[in-house]
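Undergrad: Here is my input; please provide its structure:
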Amino acid sequence: MYKKKLRGMYISKKVLKYHFDPHEAPRDTYLLCKLQWGETGTPWIHWVKNYRYHAEVKNYYYHAEAYFLEKIFKMRRSNNYVNCSITWYLSWSPCEECCCKIQNFLRKHSHVNIDIHVSRLYYIENEKNRQGLRNLMSLEKVTIAVMEIEDYTHCWKTFIQGDVDDDSWTVDFPSEIAKNRSILKDIFEDLPLIESAMPSVSCSITWVLSTTPCGKCSRKILKFLRAYPNVTLKIYAAKLFKHLDIRNQQGLRNLAMNGVIIRIMNLADYSYCWKTFVAYQHGEDDYWPWSFTSHIFLNWIELRHILLVSRHLEKTLRVKSNAKS
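TA: Take a look at the predicted model:
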């Protein structure tokens, strides 16, 4: 019975509402996880919390992150040649010690990447914890973000067994989310830049993509832009790539929040690409695929919905900043 309280597949509504409320400051840390081997199949879900037990010689204590990596992941380990995507929803951000353990784990498991979403920031005034988060975020295989309202809704639908949706418990979360996101953004702005041999002139890049970037590519784009702050990027995509996958959604939000312009291609964009990138053939001077119109509109609606969260938070932060000044 004791172990069942420390980990499982589904979590109680009471625990989710209390431990993931950004206004509260509970002692324990809860970790909700989705683990995906390869690109297909149903993700495996699980939750763990801080683990304490007493032995005759020594008392043992695991933080939730360490317990998952050292105990749970071993149980689920598959073929080392298959990529593994892990998504964590944490009630507290990792401490400095857990950040080190996550780094060591990823060095040993080159096929694994981890997306971390946190409800609140753990002793964030402590410089060791801030530096631990910076060290994690500097890794190619890690993203860290504050949980959005959509993440809370996703956790309710995924980790609560057989219950109707309940949006009322997050109604007063936006102000705390905005505050924590602002703090986390300030921490990551202190990340050291990679030395570049490029001149310090501005560079504008425009991509026309057949699909939007996946979550993994979004991480790589962000790290590139952080290394080259003189570069701006615009992305025009013909369609959305697996847009129901929350990892891909969060990747697009992170890009948008960091200044990347993302658009769905319209008919004029197709015409431009035809004239710019297609070798000229007599009688084919232009290309306006009118049959794409409905698909363009549907993709535009979905992208607008995905980015709406990041725009709302950015506006909230701007209003708060103006109020303080």
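Undergrad: Isn't residue 300 up against residue 264?
TA: Yes - using Cβ atoms under 8 Å as the test, residue 300 is close enough to residue 264 to be in contact (4.5 Å). Quick note: C-beta positions are derived from backbone N, CA and C, even for glycine.
Undergrad: So if I had to pick from those two, which one is more boxed in?
TA: Legend: neighbour count by other Cβ atoms under 10 Å for residue 300 and residue 264, higher for residue 264 (22 against 15).
Undergrad: where in the chain is pLDDT low?
TA: Residue ranges of the chain with pLDDT under 70: 1-7, 53-60, 75-81, 163-164, 190-200, 280-282, 309-325.
Undergrad: Helices of that one, start to end?
TA: 13-19, 64-67, 73-76, 96-108, 127-137, 149-159, 174-189, 215-227, 246-257, 267-277, 293-324 (DSSP state H).
Undergrad: With distance to residue 28 added, can I get the ones you listed in TSV?
TA: Output for the helices of the chain, formatted as TSV (distance: least, Cβ to Cβ, whole Å):
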stretch	distance to residue 28
helix 13-19	7
helix 64-67	8
helix 73-76	20
helix 96-108	14
helix 127-137	17
helix 149-159	16
helix 174-189	19
helix 215-227	29
helix 246-257	25
helix 267-277	50
helix 293-324	27
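Undergrad: which stretch among those comes nearest residue 89?
TA: Between residue 89 and the helices of the chain, the shortest gap by Cβ to Cβ is with helix 149-159, which sits at 5.4 Å.
Undergrad: quick one on the thing from earlier: tell me which of the helices of the chain lies nearest to residue 86.
TA: helix 73-76 (8.1 Å).
Undergrad: Distance of residue 201 relative to residue 228?
TA: Look at residue 201 and residue 228: by Cβ to Cβ, to the nearest Å, they are 11 Å apart.
Undergrad: between these two, who's got more neighbours?
TA: Remark: of residue 201 and residue 228, residue 228 carries more neighbours, 16 against 6, as counted by other Cβ under 10 Å.
Undergrad: Could you check how far that one is from residue 156?
TA: The gap separating residue 228 from residue 156 is 39 Å, by Cβ to Cβ.
Undergrad: same deal with residue 45?
TA: Here the criterion is Cβ to Cβ. By it, residue 45 lies 13 Å from residue 156.
Undergrad: same deal with residue 74?
TA: Taking Cβ to Cβ, one finds residue 74 at 29 Å from residue 156.
Undergrad: Cheers, nothing more for now.
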